[in-house]
Every structure is written in C-alpha cells, then in structure tokens.
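J.: Can you look at this prediction? I've put the sequence above it.
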Amino acid sequence: MSYRSERVAHLVRDVVSEAIAARLSDPRIQRFTSVTRVEMSGDLRYANVYVSVMGTDTEARTTMLGLESARGLVQGMLAKRLDMRTCPAIRFHLDRGLKIAIETIKRIDEAIGHPAAPPAGGSDGHDDVNDSTTGANE
C-alpha cells in the first residue's frame, strides 16, 4: 500500500470509529463495535471497512444493517474531513477474525486443561529436596 493510501485508510478508520462511538444513534448498532482495519482500493475510490462486533451472530447482522443504513451519514462526515477531489465509497464488512481467535483460544484451553495453580507454600524457586551435588540438606 502506498503512503497516500495508508494515510487515507487511517483517516477513514478514525472517522468511522468516531461515528460509531459518538455520532450514530441507531439502536441496531452494538456498543461494542470496533473498526479492525480499512483497505483502500488502488485508485482510492473504495474503502473496505472491516468491523468487529462483540455479541451474538444475530447482533452482528443487526449491527451491519444499522451501519449500512448510516453509510450515507458516515460518507458525508468523511467527505468533510478529506481533502480529495472524490471521496472513497465506504463498504462495510463483518470481520469475524477476533471472534474466531477467541473461540480457538478457548478450545485450546479446554483441550489442554487449565494450568495448575502454584503450590500454596510460597514458592521461591527452590525445591525442598536434598542437594545431590553438595550432599547437604536444605
């Protein structure tokens, strides 16, 4: 990605994040919605905005519908902040990567079991056994 497209992607991310956090009052949009990344097309005409929704699949679909209906408002906010001839068209995509990663970690934890807690005697890193190298007892 070129320097210019990275700058535009960063600005798009900031504007969309701010809109979700403070400007959009659609009750369909979950509070725990965050922008994970923005990918710009090569000609800067399109901004693919990936959002993560913490909640159920139904809440994620409902949030995506709310974001899609607010797309024009977000597009207008972006046009005011950009100093470009044409404003990139925003396309929202649901990013399931974080949710999949959390589920994978939970499954791994279940498969290997949770690590045992340290002994309750105040472990200082030394074993309470005979030191076989010196022949002395501790």
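T.: Sure, I can see it.

J.: Break down the chain into its helices, ranges please.
T.: Using DSSP state H, the helices of the chain run over residues 3-18, 57-69, 71-81, 97-112.

J.: can you tell me which of these comes nearest to Gly42?
T.: helix 3-18 (7.6 Å; CB to CB). Just so you know, the C-beta spots here come from the backbone N, C-alpha and C atoms, and that holds for glycine as well.

J.: Mind listing residues that contact the closest one?
T.: 1, 34-35, 37-40, 42, 44, 47, 49, 51, 74, 77-78, 81-82, 84, 88, 90 (CB atoms under 8 Å, 6 or more residues apart in numbering).

J.: Contact partners for the residue positioned nearest the centre of the chain?
T.: In the chain, the residue lying closest to the centroid (CA atoms, centre = their mean) is Thr36, at 4.4 Å. Counting by CB under 8 Å, 6+ apart, Thr36 touches 50-52, 95, 97-98.

J.: Mind putting these into CSV with distance to Ile108, neighbour count and pLDDT?
T.: Below are these laid out as CSV (distance: CB to CB, whole Å; neighbours: other CB atoms under 10 Å; pLDDT from 0 to 100):
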residue, distance to Ile108, neighbour count, pLDDT
Tyr50, 25, 18, 97
Val51, 26, 23, 96
Ser52, 20, 18, 94
Asp95, 21, 18, 92
Gly97, 16, 12, 84
Leu98, 16, 13, 80
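
J.: from the residues you listed, which is closest to Leu67?
T.: Among those, and counting by CB to CB, the member closest to Leu67 is Val51, at 6.8 Å.

J.: Which residues does the closest one form beta bridges with?
T.: Per DSSP bridges, residues listed as beta-bridge partners of Val51: Val35, Leu94.

J.: Isn't it up against Glu68?
T.: No: contact criterion CB atoms under 8 Å: Val51 and Glu68 do not qualify, at 11.0 Å.

J.: Quickly list what's touching both of these two.
T.: Phe92.

J.: okay, the contacts of Thr36 in CSV with distance to Ala22 next?
T.: Shown next, in CSV, are the contacts of Thr36 (distance: CB to CB, whole Å):
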residue, distance to Ala22
Tyr50, 20
Val51, 16
Ser52, 18
Asp95, 21
Gly97, 25
Leu98, 22
